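Q: fold the following.
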Amino acid sequence: MTEEDPRLSRLPGVKVAPESEAVAGADLAVSLGGDGTMLRTVQLALEAGVPVMGANLGQLGYLSAVEPARLCEALEQYLAGRYSIEERLVLTVRLSRSERVLAALNEAVLEKTVPGHTVRLSLSLSGEHFITLAADGVIVSTPTGSTAYNLSARGPILSPSLKALLVTPVSPHMLFDRSLVLDPQAVVRLEVLRERPAVLVVDGVQVSVLEPGDAVECRSAPQPARFVAFEDQPAFHSIVKAKFNLSDR
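A: Residues are numbered from 1 along each chain as shown. The predicted model follows:
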């Protein structure tokens, strides 16, 4: 439990810890909630290398491996050692004009701030200029995040076990509108060009407004996220089919 919600301190037997101490020395972090809760739990557990098990109490719950009815059974399996650890690539997101470095399990997005107008972004890959984009924004996604904002922008769906970086333009005002699937060693740099600022959003949270000349750099983080997985867990394609209600004809 963390100190974010003051109501937790009123629950009998619940010890509320600061976020910095929430996973210190833990063997397992259990996320009870939706995908937003899972993203926050992974961020807290990442540096300590603590594995995370998600129980879906939200709507889609795409990141969570366990449905509420199976939570007790899943905990019993974990305590009995009948589980495996699935490592997933995480992004390191660095702002050019500050000391801020953030981690993203899903994606980093640089997008427009002015409705009805595009933002101009220079896209460089591993130190080499690739293209200048006029678009609503650009998504830099992990394979785990390929089913998040990237999916809405018609980007490809990747298995979360893959190691790759995914760059997807959002509503570009140009003929080039394809996603790029890059090797995990690639470095993606986005610089805001003239006239209009852009907003940086990391895993759904607005981080900063970038002015023309500012840039953000994304690369694979040295530490992967660690997810608890079970043998009877559905395969990735089965989860996609179930969560998005895909039907046969």
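
Q: surely residue 145 is in a helix?
A: Yes - Residue 145: assigned to a helix according to DSSP: H, G, I helix; E, B strand; the rest coil.

Q: nearest residue to the residue nearest to the spatial centre of the chain other than its sequence neighbours?
A: Most central in the chain under C-alpha atoms, centre = their mean is residue 106, positioned 1.6 Å from the mean C-alpha point. Among residues not flanking residue 106 along the chain, residue 145 sits closest, at 3.3 Å (C-beta to C-beta, 6 or more residues apart in numbering). (C-beta placed from N, C-alpha, C; glycine too.)

Q: residues touching that neighbour, list them.
A: Taking C-beta atoms under 8 Å, 6 or more residues apart in numbering, we find residue 145 in contact with 104, 105, 106, 107, 166.

Q: the last one looks like it's in a strand, true?
A: Yes - residue state for residue 166 (three-state DSSP) corresponds to a strand.

Q: got a pLDDT number for residue 30?
A: The model reports residue 30 with a pLDDT of 91.

Q: what's the closest non-adjacent residue to it?
A: Closest residue to residue 30 apart from its sequence neighbours, by C-beta to C-beta, 6+ apart: residue 53 at 5.3 Å.

Q: re earlier: isn't the residue nearest to the centre of the chain up against residue 148?
A: Yes - between residue 106 and residue 148 a contact is recorded at 4.7 Å, counting by C-beta atoms under 8 Å.

Q: who touches both of these two?
A: With C-beta under 8 Å, 6+ apart as the test, residue 106 and residue 148 both reach residue 141.

Q: so the protein: which segments form each domain?
A: 6-88+224-243, 91-220 (automatic domain parsing).

Q: ranking these by burial, who's on top?
A: domain 91-220 (a mean of 18; mean count of other C-beta atoms under 10 Å).

Q: residues in contact with the worst-scoring helix or strand of the chain on mean pLDDT?
A: In the chain, no helix or strand scores lower on mean pLDDT, DSSP states H and E than helix 236-243, which sits at a mean of 77. The contact list for helix 236-243 (C-beta under 8 Å, 6+ apart) reads 60, 61, 62, 147, 157, 159, 160, 161, 234, 246.

Q: by contact count, what packs against the longest helix seen in the chain?
A: In the chain, taking DSSP state H as the definition, the longest helix is helix 35-46. Judged by 3 or more C-beta pairs under 8 Å, 6 or more residues apart in numbering; DSSP states H and E, the packing partners of helix 35-46 are strand 29-33, strand 52-56, strand 225-229.

Q: dump these to CSV, plus distance to residue 188.
A: Converted to CSV, the helices and strands packed on helix 35-46 look like this (distance: least, C-beta to C-beta, whole Å):
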stretch, distance to residue 188
strand 29-33, 28
strand 52-56, 25
strand 225-229, 19
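
Q: which stretch among those strands comes nearest residue 97?
A: Nearest to residue 97, of all these, is strand 225-229, at 27.6 Å by C-beta to C-beta.

Q: residues touching the closest one, excluding its own?
A: 28, 42, 45-46, 49-54, 65, 78, 83-90, 105, 144.

Q: what's the angle from that strand to strand 29-33?
A: Angle of strand 225-229 versus strand 29-33, following axes from the mean of the first three to the mean of the last three C-alpha atoms, to 10 degrees, is 80 degrees.

Q: which residue sits closest to residue 193 in space, ignoring its chain neighbours?
A: residue 120 (4.0 Å).

Q: partner strands of the helix or strand in which the one you found is found, parallel or antiparallel?
A: Following DSSP states H and E, one finds residue 120 within strand 119-125. Strand pairing for strand 119-125, using DSSP bridges, gives strand 128-135 (antiparallel), strand 188-192 (antiparallel).

Q: hmm, who's touching that strand?
A: Residues from elsewhere that reach strand 119-125, judged by C-beta under 8 Å, 6+ apart: 110-113, 129-138, 167, 180, 182, 186-198.
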